[in-house]
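S.K.: model this:
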Amino acid sequence: MPIYEFSCQKCGKKFELLLFTGDVPECPDCGNKGLTKHMSVFSAHGVGSGPASAGGSGCGNCPPGHNCSSCSCH
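M.R.: You can find the predicted model right below:
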């Protein structure tokens with residue numbers, strides 16, 4: 001059940017929807033079914049994943065040359 005990002009072609013509202021197979025998405029504000037689907041950016045979190053565990057420099061919020069222990073990202 002992926003979450004998709006849309007914008008309404010009628011009222012311009014931008015929103016996300018969790019869609020099940022066979023669902024027809026519509027704008028939560030105006031009910032319009034004329035929507036534009038956008039590419040979604042995803043993020044994966046978990047133990048043993050991410051730049052720090054792969055030998056990287058930190059969490060991704062750290063400035064270049066710093067790591068999580070030397071910044072205030074947490």
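S.K.: Report how many residues lie close to Phe6.
M.R.: 19 (other CB atoms under 10 Å). Heads up, the C-betas are built off the backbone N, CA and C, glycines and all.
S.K.: now the one 10 residues further on
M.R.: The local packing of Glu16 (other CB under 10 Å) involves 11 other residues.
S.K.: Any idea what it is bridged to?
M.R.: Glu5 (DSSP bridges).
S.K.: so what's it up against?
M.R.: Glu16 sits next to 3-6, 40 when contact means CB atoms under 8 Å, 6 or more residues apart in numbering.
S.K.: what about burial for those residues, which qualify?
M.R.: For the contacts of Glu16, a burial check counting by 16 or more other CB atoms under 10 Å picks out 4, 6.
S.K.: From the contacts of Glu16, pick the one nearest Leu18.
M.R.: Set against Leu18, the nearest of the contacts of Glu16 by CB to CB is Ile3 (5.2 Å).
S.K.: I figured the closest one was touching Leu18, is that so?
M.R.: Yes - with contacts counted by CB atoms under 8 Å, Ile3 reaches Leu18, the gap being 5.2 Å.
S.K.: could you pull out the strands for this structure?
M.R.: Counting by DSSP state E, the segments of the chain that form strands are 3-8, 14-18, 35-38.
S.K.: measure stretch 16-29 end to end?
M.R.: From its first residue to its last, stretch 16-29 covers 12 Å (CA to CA, to the nearest Å).
S.K.: Same question for it: list its buried residues.
M.R.: 17, 27.
S.K.: looking at the sheet around Thr36, what are its partners?
M.R.: Applying DSSP bridges, one finds that Thr36 bridges with Ser7.
S.K.: Spit out the contact partners of it.
M.R.: 6-9.
S.K.: which stretches of this protein aren't confidently modelled?
M.R.: Low-confidence segments of the chain (pLDDT under 70): 1, 41-74.
S.K.: thought Lys13 was touching Gly31?
M.R.: No - using CB under 8 Å, Lys13 is not in contact with Gly31; the gap is 11.0 Å.
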